[in-house]
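S.K.: The sequence isn't on hand, but the structure is:
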């Protein structure tokens, strides 16, 4: 059998005629070291990886164009594994392969190790150092566990979103270290295999027999990569220890759904950017919300709303350090009097100019492929309430707040007070005309209400009184203007349309869960804003979102419905919906943004922080209600009921 060339690699995974050459979105595995991340297809190919940051240009881009670079290791003549799993309590992937001649195990990890900035301070970290730090190395270890297997390794990075092919050169006299350079980035591959430079990449092939192991490491910083099998094994051990220590900090119920909670917590942690405390909305850009459609966005940034809600999810399970880090990220972003934006780059960048990449074919030909996100310019009035609610929840448990954060928070409450009467583009970032969205008014009320509570907590009675008075005014207007003749809250003033964001009303304690208007709204959404029982954000024909085409059901909205149903006392209906949603999880218990109810396919960017945080809150609602908690007084695992 001839050696596999780089051109053969890009065509080999293509299935039979009529089937997409792209793996289903839900079939990807997600790895992270909390500084970068990657997605690995079932074939064993790394098909998405951006370096050195998760919002930097990609070096492996096969996810969006089959010829735009990948990094595969596995059996030479097999592309479908026997099994895949995460090592328990970690973001380390194990893939099992069965071939005609033997069995193979591949383990993949983005390595974690001890804090390495010992002699001088880190140039990227703004948050307090921890005991562990990213080692800027993707490590892949292979072991033949039975028989004999022909193993192939192909590494074909194409820098700058598939536009720039690198130059390869060997380092030293042997085959074990090879460097790829292009523009201002370089990759260093170390291995105990014998790769050859062929075309635009590296290829290696060897026959492994039972008991043999090999490793391949890809590094992108001055930190030394592993150069021996024993060093590689130690890196894997340290990485496993990091994840085990982190997940042990959580408080997980003894329940059959525990694994979903742990996987969601690990995914949210993997979407954090440790140097600044930012939290990504998702790891990818331009995975389509509608097959072959134009609803393709770049989610590799830190949305203030998504991040604060995600911290609520982590906090529910007992993790609070991530909240501290994000609050300081917000403080940094608002330094020098800057107004809080909708979103930021993971380093705190304020401008995220949007452009399309026409040279990329797109996932299953969905175009345009976008990088950057013009939504950073939008006015969305819910961000102030999201921050204030998260801070309030956190402050109640600790009975303290960093002094440096209080002036920033006061400005956010004042912004809400100044702008709540104005139209905005809402939680869903519609690209049509601004509207008076009820959910935006709701979150302005949250900003004033939580601001007043924090002011009382920190002995600022004048602020507390002023803000509470305005909160009561907003509350009264919503209850007067934001309700239809049925007593159901509507999407926007003057309309009859429903919106899934209204499910936040009982969760944000806007009204008691037994209020007839809350109950009517939750049940109306369950009956009228669903497709096969799963929840849409809104009906596209009723909402000017500035785009064409349909979209799938938003999974976060369905999980919100679970929580809201528990709040109003419909536990059986909530449990059944939650069971159904958990059954839609990917084989590795991950979620994209949307689910196509007809096929069960995941749609949109992946994995999605918003979805996983909503899963945590929904599952905990059901579990605590099953444990005879009082309906309407849901509390995080480490906190009494919210007031």
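M.R.: Looks like it came in fine. As the structure is a computational prediction, the values presented were derived from the model and not from experiment.

S.K.: which residue ranges form the helices in the stretch 151-300 of the chain?
M.R.: Remark: helices assigned in the stretch 151-300 of the chain by DSSP state H, counting those that start in this stretch are 159-162, 229-248, 258-270.

S.K.: Out of those helices, flag the one nearest residue 486.
M.R.: Evaluated over the helices of the stretch 151-300 of the chain, closeness to residue 486 peaks at helix 258-270, with 35.0 Å, by CB to CB. Bear in mind the C-beta positions are built from the backbone N, C-alpha and C, glycine included.

S.K.: In the closest one, which residues are buried?
M.R.: Buried residues in helix 258-270, counting neighbours by 16 or more other CB atoms under 10 Å, are found at 260, 261, 262, 263, 264, 265, 266, 267, 268, 269, 270.

S.K.: now stretch 471-478, how far from the centre of its chain.
M.R.: Offset of stretch 471-478 from its chain centre (CA atoms, centre = their mean, to the nearest Å): 34 Å.

S.K.: could I get the buried residues of helix 258-270 as TSV with distance to residue 55 and pLDDT?
M.R.: Formatted as TSV, the buried residues of helix 258-270 follow (distance: CB to CB, whole Å; pLDDT from 0 to 100):
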residue	distance to residue 55	pLDDT
260	28	97
261	28	97
262	27	97
263	24	97
264	22	96
265	23	95
266	21	97
267	18	96
268	17	94
269	18	95
270	15	96
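
S.K.: ok, back up a step: same list (the helices of the stretch 151-300 of the chain) but as TSV, adding distance to residue 581.
M.R.: Shown next, in TSV, are the helices of the stretch 151-300 of the chain (distance: least, CB to CB, whole Å):
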stretch	distance to residue 581
helix 159-162	33
helix 229-248	22
helix 258-270	10
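
S.K.: Could you list the low-confidence segments of this structure?
M.R.: 1-18, 117-119, 122, 126, 397-402, 431, 543-551, 628-643 (pLDDT under 70).

S.K.: ok, the longest strand anywhere in it: who's next to it in the sheet?
M.R.: Longest strand in the chain by number of residues (criterion: DSSP state E): strand 132-156. The strands beside strand 132-156 in its sheet (DSSP bridges) come out as strand 70-75 (antiparallel), strand 102-114 (antiparallel), strand 201-209 (antiparallel), strand 213-219 (antiparallel).

S.K.: quick one: which of the helices of the stretch 151-300 of the chain is nearest residue 184?
M.R.: helix 159-162 (9.5 Å).

S.K.: which outside residues touch the closest one?
M.R.: The contact list for helix 159-162 (CB atoms under 8 Å, 6 or more residues apart in numbering) reads 57-59, 61, 64-65, 67-69, 165-166, 182-183, 185, 357, 359-360, 369, 371.

S.K.: Kindly report the same for stretch 335-347.
M.R.: Outside of stretch 335-347, the residues within contact range by CB under 8 Å, 6+ apart are 53-55, 124, 273, 275-276, 278, 280-281, 300-305, 329-330, 333-334, 350, 352, 373, 375-376, 378-380, 383-384, 387, 411-412, 415, 429.

S.K.: Also stretch 599-608?
M.R.: Outside of stretch 599-608, the residues within contact range by CB under 8 Å, 6+ apart are 24-26, 28, 30, 39, 267, 271, 281-291, 297, 299, 551-552, 555-556, 584, 586, 590-596.

S.K.: Now a ChimeraX select for only the buried ones of those.
M.R.: The buried residues among the contacts of stretch 599-608 can be selected in ChimeraX (16+ other CB under 10 Å) with this line:
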select :24,25,26,28,30,39,267,271,281,282,283,284,285,286,287,288,289,290,291,297,299,551,552,555,556,584,586,590,591,592,593,594,595,596
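
S.K.: Tell me which of the contacts of stretch 599-608 fall in strands.
M.R.: Using DSSP E, the contacts of stretch 599-608 in strands are 30, 39, 594, 595.

S.K.: in which helix or strand would I find the nearest residue to residue 257 once chain neighbours are set aside?
M.R.: Closest residue to residue 257 apart from its sequence neighbours, by CB to CB, 6 or more residues apart in numbering: residue 619 at 5.2 Å. Using DSSP states H and E, residue 619 sits in helix 609-626.

S.K.: What helices and strands are in contact with that helix?
M.R.: For helix 609-626, the packing partners by 3 or more CB pairs under 8 Å, 6 or more residues apart in numbering; DSSP states H and E come out as helix 258-270, helix 304-316, helix 555-567, helix 571-583.

S.K.: which of those helices sits most buried?
M.R.: Burial of the helices and strands packed on helix 609-626 is given as mean neighbour count (mean count of other CB atoms under 10 Å); helix 555-567 ranks first at a mean of 27.

S.K.: and that one with helix 609-626, angle?
M.R.: 20 degrees (axes from the mean of the first three to the mean of the last three CA atoms, to 10 degrees).

S.K.: Surely residue 64 is within a strand?
M.R.: No: Residue 64 sits outside any strand when classified using DSSP: H, G, I helix; E, B strand; the rest coil, being coil.
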